[in-house]
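Asks: Sequence first, predicted coordinates after that:
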Protein chains: 2
Amino acid sequence: MASRSDTKTRILDAAEKLFAERGFSETSLRLITSKAEVNLASVNYHFGSKKELIRAVLARYLDRFMPEASDELMLIKASGDPSLNDIFSSLVKPLLELNKFKVDGTSTFLQLLGRGYIESQGHLRWFITTHYGEHLNKFVKAVAESAPHIPPAEMFWRLHFTLGTVVFTMASADALTEIAQADFNEHYDIEAVIRKVIPYLAAGVAVPVSTQ
Amino acid sequence: MASRSDTKTRILDAAEKLFAERGFSETSLRLITSKAEVNLASVNYHFGSKKELIRAVLARYLDRFMPEASDELMLIKASGDPSLNDIFSSLVKPLLELNKFKVDGTSTFLQLLGRGYIESQGHLRWFITTHYGEHLNKFVKAVAESAPHIPPAEMFWRLHFTLGTVVFTMASADALTEIAQADFNEHYDIEAVIRKVIPYLAAGVAVPVSTQ
DNA sequence: CTCTGATTTAAACATGCGTTTAAATTAAAC
DNA sequence: GTTTAATTTAAACGCATGTTTAAATCAGAG
């Protein structure tokens, strides 16, 4: 029974790498199966369709990340009223944990998330809210409690601005770090980018609503 | 000679609408030409290829927007030292002017920009910086002068965070306004979203750099 | 009117895609 | 060792895509 899970894993590993690099629709099953060194038909045999393969790739990360993010959030809420910076920062450890599961796991996950939100025309949003809605609600509630001066409708928009910042930044993180390294002669890894974006997000979410 | 420019314009009009709604690679030439009620081959005849059609669609907007945005920036710089909010807000008028050129011009342009940045794998970034670099540099310089406490490398990242926020928000603006209308019973048009995002961006760009 | 170049048209082309099929192979159960 | 089910394989299918072709049509100039 080694072969079965081996083929499935080889497909998932090759697929997530290519999906993160080039996007979903730009990655053909032929490219995935050739990189994975498995037969073309095995994707449909093991996963049913390309769509379900995409879901499986995302779910493998989300199943690891979401519960741990929830736990971290609980932890920092237990030790007093966390700031927005604290709340966003609580995601860093669960994100970096993904590197222990796979090489470049963190950046792969974030890039997949970015690609997914952008490409799937709302389907990933639905998938995440239906499968991980409880975790998400906890997070949204924590943010809202930490910025009580922002009305719900305003917070809705700001959280989506935040999602956009993260998703776009991560989907183009490779290109950006390349440019930044060339222009400023500094080294950036995914953690450095995450730590740079958090204060930006926290400031935007909490800025007082304009009264004019 | 009415026919020539007529066909070109019909193609551009149909293409920009479909590109904005569904993305570039998800929009086939057959769909474009059928909506435009022109022959399939006329795209290749008038534009050469699908890639050049995409460029033409974007350029039609950028050629209108960029000079006017530059002019507006000059104007507000002439009347004293503008704040970050002022600088970002100076883009609103040129953006809304696009509605006079075409129905839904503003949102179409912003959605195209979002799609382009996301889909084109860095190609749009190159196209814009090479064709409209002078305008862009003026804008970046104005932002930097208005937030002198932010070092250049940090500003690089924050401006790209900003780009990400705008681009993602605009690419999914239709979905977001729909959700917001359903959940909060408020009406949102593109101008309302623009005016909501500006304070968020300005706060993020200007937030003091963490010293820890 | 006639000729010439520009434009439009219908058809075909070549390619790449996701998926399906049926036979070959492998591994596990008895 | 034989049987049975799971897996792998090579091939083909059907379809959609961007592009090209060559003939038909059109508009303007002489």
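Replies: Structure's in. What do you need? Residues are numbered from 1 along each chain as shown, chains lettered A, B, ... in the order given.

Asks: Relative to the whole chain's centre, how far out is the helix or strand bottoming out on mean pLDDT in chain A?
Replies: Lowest on mean pLDDT, DSSP states H and E among the helices and strands of chain A sits helix A:2-22, with a mean of 87. Mean C-alpha position of helix A:2-22 versus that of the full chain (C-alpha atoms, centre = their mean, to the nearest Å) differs by 18 Å.

Asks: can the helix or strand following it be found next to chain B?
Replies: Next helix or strand after helix A:2-22 toward the C-terminus (DSSP states H and E): helix A:29-36. No: using C-beta under 8 Å from any C-beta of the partner chain, helix A:29-36 never reaches chain B; the gap is at least 15.3 Å. All C-beta spots, glycine's among them, are computed from the backbone N, C-alpha and C.

Asks: so what does helix A:29-36 touch, helix or strand wise?
Replies: Judged by 3 or more C-beta pairs under 8 Å, 6 or more residues apart in numbering or on different chains; DSSP states H and E, the packing partners of helix A:29-36 are helix A:2-22, helix A:42-47.

Asks: Which stretches in chain A count as helices?
Replies: Taking DSSP state H as the criterion, chain A contains helices spanning A:2-22, A:29-36, A:42-47, A:50-78, A:84-89, A:92-101, A:105-119, A:123-146, A:152-171, A:173-184, A:190-206.

Asks: Tell me, how many residues neighbour A:E26?
Replies: When counting by other C-beta atoms under 10 Å in any protein chain shown, one arrives at 15 neighbours for A:E26.

Asks: Need the nearest residue in space to it, chain neighbours excluded.
Replies: Nearest residue to A:E26, sequence neighbours excluded (C-beta to C-beta, 6 or more residues apart in numbering or on different chains): B:S25, at 7.3 Å.

Asks: now do A:A175
Replies: B:G122 (5.4 Å).

Asks: The helices and strands packed on helix A:29-36: which one's closest to B:F19?
Replies: Shortest separation from B:F19 across the helices and strands packed on helix A:29-36 is recorded for helix A:2-22, at 19.9 Å, computed as C-beta to C-beta.

Asks: ok, residues contacting that closest one?
Replies: Applying C-beta atoms under 8 Å, 6 or more residues apart in numbering or on different chains, the external contacts of helix A:2-22 come out as A:27, A:31-33, A:35-38, A:42-43, A:46-47, A:53-54, A:56-57, A:60-61, A:102, A:107-108, A:111-112, A:115, A:174, B:121.

Asks: next one: stretch A:29-46
Replies: Contacts of stretch A:29-46 (C-beta under 8 Å, 6+ apart): A:4, A:7-8, A:10-11, A:13-15, A:17-18, A:50, A:53.

Asks: repeat that for 7 Å
Replies: Residues from elsewhere that reach stretch A:29-46, judged by C-beta atoms under 7 Å, 6 or more residues apart in numbering or on different chains: A:7-8, A:10-11, A:13-15, A:18, A:50, A:53.

Asks: ok, now stretch A:165-175?
Replies: Counting by C-beta under 7 Å, 6+ apart, residues outside stretch A:165-175 touching it are A:107, A:110-111, A:113-115, A:117-118, A:190, A:193, A:197, A:201, B:118, B:122, B:160-161, B:164-165, B:167-168.

Asks: Can you give me the distance of A:H131 to A:I87?
Replies: For A:H131, the distance to A:I87 equals 22 Å [C-beta to C-beta, to the nearest Å].

Asks: Pick out whichever of these two has more residues nearby.
Replies: A:I87 (22 against 16).

Asks: List the residues that contact the more buried one.
Replies: A:142-143, A:146.

Asks: Could you take the residues you listed and lay them out as CSV, with extra columns for neighbour count, distance to A:K77 and pLDDT?
Replies: Formatted as CSV, the contacts of A:I87 follow (neighbours: other C-beta atoms under 10 Å in any protein chain shown; distance: C-beta to C-beta, whole Å; pLDDT from 0 to 100):
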residue, neighbour count, distance to A:K77, pLDDT
A:A142, 20, 6, 97
A:V143, 21, 11, 98
A:S146, 20, 10, 97
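
Asks: need the residues you listed in a markdown table with distance to B:G80, can you?
Replies: Below are these laid out as a markdown table (distance: C-beta to C-beta, whole Å):
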| residue | distance to B:G80 |
| --- | --- |
| A:A142 | 41 |
| A:V143 | 36 |
| A:S146 | 36 |
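
Asks: Which residues of chain A lie near chain B?
Replies: By C-beta under 7 Å from any C-beta of the partner chain, the part of chain A that sits against chain B consists of A:25, A:118, A:122, A:152-153, A:156-158, A:160-161, A:164-165, A:167-169, A:171, A:175-176, A:180, A:183-184, A:186, A:196-197, A:199-201, A:203-204, A:207, A:210.

Asks: Buried ones among those residues?
Replies: A:25, A:118, A:156-158, A:160-161, A:164-165, A:167-169, A:171, A:176, A:180, A:196-197, A:199-201, A:203-204, A:207 (16 or more other C-beta atoms under 10 Å in any protein chain shown).
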